[in-house]
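Engineer: Provided below are the primary sequence and the corresponding predicted coordinates.
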Amino acid sequence: MSFFTPKLGIDLGTANTLVYLPKKGIVLNEPSVVAVSEQDNKILAVGNDAKNMLGKTPESIIAYRPMRDGVIADYRVTEAMLRYFITKALGKRSIWKPEVLISVPAGVTSTERRAVVEAAIKAGAKSAYVVKEPILAAIGAGIPIHEPVVHMIVDIGGGTTDVAVISLGGIVASTSVKCAGNRIDAAIADYIKKTFNLAIGDKMAETVKIEIGSAIPLEEELSLIIKGRDFITGLPRTAEVKTNEIVRAIGRELREIIKSLKDVLQETPPELAADIIDRGIIMTGGTSQLRNFPELVFRRTGVKAVLAKDPLLCVAKGTGIALDHLDTYKKTIIAKR
């Protein structure tokens, strides 16, 4: 490795992409959204600029997310998005091609893995490494993963929920379910459609989740005025929605996430289960910030759950730490080029 090769860690998520530069920390945190013009297939905007266009574009422009459920759904657009993020993070003047380390969901197939590596190389990386998200989340949450001590980590993002039991730097038992933040947003939009006859956009649904959403019913409910389009009259209308209605609306999705946790706990060897009871479950990822989520996990599994510090940034921080100590974490790399 040459002295001049810059290193980049990328948390390539369904909802957001974060870029980590060693010594500088997280230099970029933008939505994984791209706006494409329909006529000449040109990419018009990426990241924050493109997210502001979601659901507001004229017919000639499409704004969408090229990543679905944690994997690449649109290869060409993902490559352009990566190129934009790499250039923005390093600065336009950089002449050296970077070494890139990218996160992928735990349940990723070898083809999906290769697609990520290829896209990174085409986007201007000198070499690309791929590491599973739960391991990076654990490193970023400050867990010493190489010790013979077991840690259970749950990474709930936008597209996937990754659950893993980690010991001695490797994954003992894991699962990845395609039920996370986006599915919760969709459930909220669906509930509001059925209950209030009101159509709301993805952004509004996400706002409801963040502002008043909770994993368990609250005694003192929060409320929010939602704005959308009436299904019957077709005109704009507002309605008031309360926390406990949202708890009911997202119950099914939360049950699915809890089930994935239980599945992994059931697969875990008994010796390790004892350790997990002592240490608890560590929760990372944006959706784990839903009110009272750790409490729900505790009620359903009997194991205490703790929210990691800066849950949204854990995976990105993990990429940075793994890059700084590539030799130590060599075992964790599942694909490289």
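Structural biologist: Good, I have the coordinates. Residues are numbered from 1 along each chain as shown.
Engineer: tally of neighbours for G25?
Structural biologist: By other C-beta atoms under 10 Å, the residues close to G25 number 11. In this view, the C-beta of every residue, glycine as well, is placed from N, C-alpha and C.
Engineer: where's it relative to P269, distance?
Structural biologist: Separation of G25 from P269 (C-beta to C-beta, to the nearest Å) stands at 37 Å.
Engineer: can you check V33 too?
Structural biologist: Counting by C-beta to C-beta, the gap from V33 to P269 is 42 Å.
Engineer: for K42, same thing?
Structural biologist: In this view, K42 and P269 are 53 Å apart by C-beta to C-beta.
Engineer: again, but for T328
Structural biologist: T328 sits 25 Å away from P269, going by C-beta to C-beta.
Engineer: M53 too?
Structural biologist: Between M53 and P269 the computed distance is 49 Å (C-beta to C-beta).
Engineer: which of the two has more neighbours?
Structural biologist: Just comparing M53 and P269: by other C-beta under 10 Å the higher neighbour count belongs to M53, 18 against 12.
Engineer: who touches that one in this structure?
Structural biologist: Applying C-beta atoms under 8 Å, 6 or more residues apart in numbering to M53 gives the contacts 33, 35, 45, 61, 63.
Engineer: redo that, cut-off 6 Å
Structural biologist: By C-beta atoms under 6 Å, 6 or more residues apart in numbering, the contact set of M53 is 35, 63.
Engineer: sec struct for it, please.
Structural biologist: For M53, the secondary-structure state derived from DSSP: H, G, I helix; E, B strand; the rest coil is coil.
Engineer: just I102 next, same as before
Structural biologist: Relying on three-state DSSP, one would call I102 strand.
Engineer: Surely it is in contact with L12?
Structural biologist: Yes. Between I102 and L12 there is a contact at 5.4 Å, judged by C-beta atoms under 6 Å.
Engineer: Quick check on those two: which one has the bigger neighbour count.
Structural biologist: L12 (28 against 24).
Engineer: how about the strands of the stretch 51-200 of the chain, start to end?
Structural biologist: Counting by DSSP state E, counting those that start in this stretch, the stretch 51-200 of the chain has strands at residues 61-64, 67-68, 71-72, 99-104, 127-132, 151-156, 161-167, 170-177, 198-199.
Engineer: out of those, which comes closest to I216?
Structural biologist: For these, proximity to I216 was assessed by C-beta to C-beta; strand 151-156 is nearest, at 15.9 Å.
Engineer: quick one: strands adjacent to the closest one?
Structural biologist: For strand 151-156, the paired strands and their directions (DSSP bridges) are strand 161-167 (antiparallel), strand 281-284 (parallel).
Engineer: The next helix or strand after the shortest one to strand 151-156, inter-axis angle?
Structural biologist: Spelled out, it's strand 281-284. Later in the chain than strand 281-284, the nearest helix or strand by DSSP states H and E is helix 293-301. If you take axes from the mean of the first three to the mean of the last three C-alpha atoms, to 10 degrees, helix 293-301 sits at 120 degrees to strand 151-156.
Engineer: Would you mark the buried spots in helix 293-301?
Structural biologist: For helix 293-301, a neighbour-count test (16 or more other C-beta atoms under 10 Å) marks 293-294, 296-298, 300-301 as buried.
Engineer: what's the answer for stretch 219-237, then?
Structural biologist: Under the neighbour-count criterion of 16+ other C-beta under 10 Å, stretch 219-237 has 224, 226, 228, 237 buried.
Engineer: between those residues, which is closest to D310?
Structural biologist: For the buried residues of stretch 219-237, the nearest to D310 is L224 (25.4 Å; C-beta to C-beta).
Engineer: Provide the secondary structure category for the closest one.
Structural biologist: L224 ends up strand, using three-state DSSP.
Engineer: where are the low-confidence patches of this structure?
Structural biologist: Scanning the chain for pLDDT under 70 picks out the ranges 1-3, 331-337.
Engineer: what's the domain layout of it?
Structural biologist: By the assignment in automatic domain parsing, the chain contains the domains 7-136+314-336, 144-179+254-310, 181-249.
Engineer: still on that earlier bit, switch the strands paired with strand 151-156 over to CSV; also include distance to L136.
Structural biologist: Below are the strands paired with strand 151-156 laid out as CSV (distance: least, C-beta to C-beta, whole Å):
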stretch, distance to L136
strand 161-167, 10
strand 281-284, 9
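Engineer: Turn those strands into TSV, including mean neighbour count.
Structural biologist: Output for those, formatted as TSV (neighbours: other C-beta atoms under 10 Å):
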stretch	mean neighbour count
strand 161-167	26
strand 281-284	26
